[in-house]
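*Asks:* sequence and predicted structure, then a few things I'm wondering about:
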Amino acid sequence: MGMDSGLLFSMMMMQQQSAAQAQQNAMFENITNRNYAAQEREQARLDKIREEEKAAEAATKAAGEAGYKGLLGSTETQLRKGLLNYTGAVDAVRSYRTKYGLTPSEEDVTSLTNLYTNELQPQRQKTGIQSAYQETLGRDVSESELQTAQDRFNQGYYTSVDDLKSSLYKGKEYTDKFNTSYLDNYYDTMFGKQTVDAEGKKTGQRTFKFNKSLLPSYDTAAVNKAKINIPSFNDSTSGTPQELQEQIQNVRDTRQYLYSAGLTNLQGEIDKETQSLKNEGAKELARIEQGGGLYRQLVGAFNFS
């Protein structure tokens, strides 16, 4: 019995659909396989990069660990020599370990802290204190002064040697021994350094040297005639700045008087000479006038009419 045509058509369609589905499945499997292969290659590439990064990181850490001991020793040496301060030394250690990806070592930081706090800082403070007293007061520091200064550093009252120097500048010893005021320095420049007594303390007096040849010379007879006493000045005069200034003013006044007297005397001589010329001129005019009168009388005596 023959197969129904409709059934045959249905079977053919099913076969075609089945073939198409098989082809589609094959294509999908092929694409999936290719994607998977690509993913595996990418994963392998990423794994290789990570391995290389880990290897590089391990090499960096190894290099850091290898050089860390030297860095720590160098940092300690620089700290001891004062080439690095405490903060710089700690920063150098921490920055190094961060740079090479090493775990922070607070033990080494603590070691540096103990070195600085217990050994270096006290010694530097002592040296700074000794230098401050030598440079400021010109003497060695006493044990009690040293202890007081160290206590003030530890308490934060002094934060630097300059703070200590500033305190010494304000002290009585410094002001007694050295001059800090503008006037004292000015007087030192004008009159020289202060004289000192037997105990080495400054007396407040200075010595002013004077060159008498700077005064103008004068005629002793003229001065005696004017009944004025010209003071006699010594080659040097000692006294307080005020006394020396008064003495200098006396010299200036005397010099001004001598110059003025000289000019006045010169003007007197000029006036005297001028008056003498005037007198001689008047006499000559009188003689001429007298001669003219006689001439007129003689002429009048003759009669020409």
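*Replies:* Ah, there it is.
*Asks:* use CA for all of it now, contacts and neighbours both
*Replies:* Noted.
*Asks:* contacting residues for residue 154?
*Replies:* Shown in contact with residue 154 (CA atoms under 8 Å, 6 or more residues apart in numbering): no residues.
*Asks:* low pLDDT regions in the stretch 201-305 of the chain?
*Replies:* Low-confidence segments of the stretch 201-305 of the chain (pLDDT under 70): 210, 212-234, 258-259, 261-271, 291-305.
*Asks:* for it, just list every one of the helices.
*Replies:* Under the criterion DSSP state H, counting those that start in this stretch, the stretch 201-305 of the chain contains helices at 220-226, 241-301.
*Asks:* residue 122: how many residues sit nearby?
*Replies:* Residue 122 has 15 neighbours, counted by other CA atoms under 10 Å.
*Asks:* which non-adjacent residue is nearest it?
*Replies:* Distance criterion CA to CA, 6 or more residues apart in numbering; nearest residue to residue 122, sequence neighbours excluded, is residue 150 at 7.8 Å.
*Asks:* pull out the buried positions in the stretch of helix or strand that neighbour belongs to.
*Replies:* If you go by DSSP states H and E, residue 150 is part of helix 143-154. Across helix 143-154, burial judged by 16 or more other CA atoms under 10 Å covers 146, 149-150, 153.
*Asks:* residue boundaries of the strands in the protein?
*Replies:* Using DSSP state E, the strands assigned to the chain run over residues 206-209, 236-239.
*Asks:* just name whatever secondary elements the last one is in contact with.
*Replies:* Read it as strand 236-239. Strand 236-239 sits against strand 206-209, with contacts defined as 3 or more CA pairs under 8 Å, 6 or more residues apart in numbering; DSSP states H and E.
*Asks:* tell me what the strand it packs on is packed against?
*Replies:* The contact analysis (3+ CA pairs under 8 Å, 6+ apart) places strand 206-209 against helix 182-191, strand 236-239.
*Asks:* buried set for the longest one?
*Replies:* In this case it means helix 182-191. Buried-residue list, helix 182-191, by 16+ other CA under 10 Å: 184, 187, 191.
*Asks:* can you get me a residue count around residue 274?
*Replies:* Neighbour tally, residue 274, other CA under 10 Å: 12.
*Asks:* wait, I meant residue 99
*Replies:* 11.
*Asks:* and it, how far from residue 113?
*Replies:* Noted for residue 99: a distance of 22 Å to residue 113, by CA to CA, to the nearest Å.
*Asks:* just to check, residue 187 is in contact with residue 241?
*Replies:* Yes: under the criterion of CA atoms under 8 Å, residue 187 makes contact with residue 241 at 6.7 Å.
*Asks:* on that earlier part again, quick one: contacts for the residue nearest to residue 122?
*Replies:* With CA under 8 Å, 6+ apart, residue 150 has these contacts: 122, 125-126.
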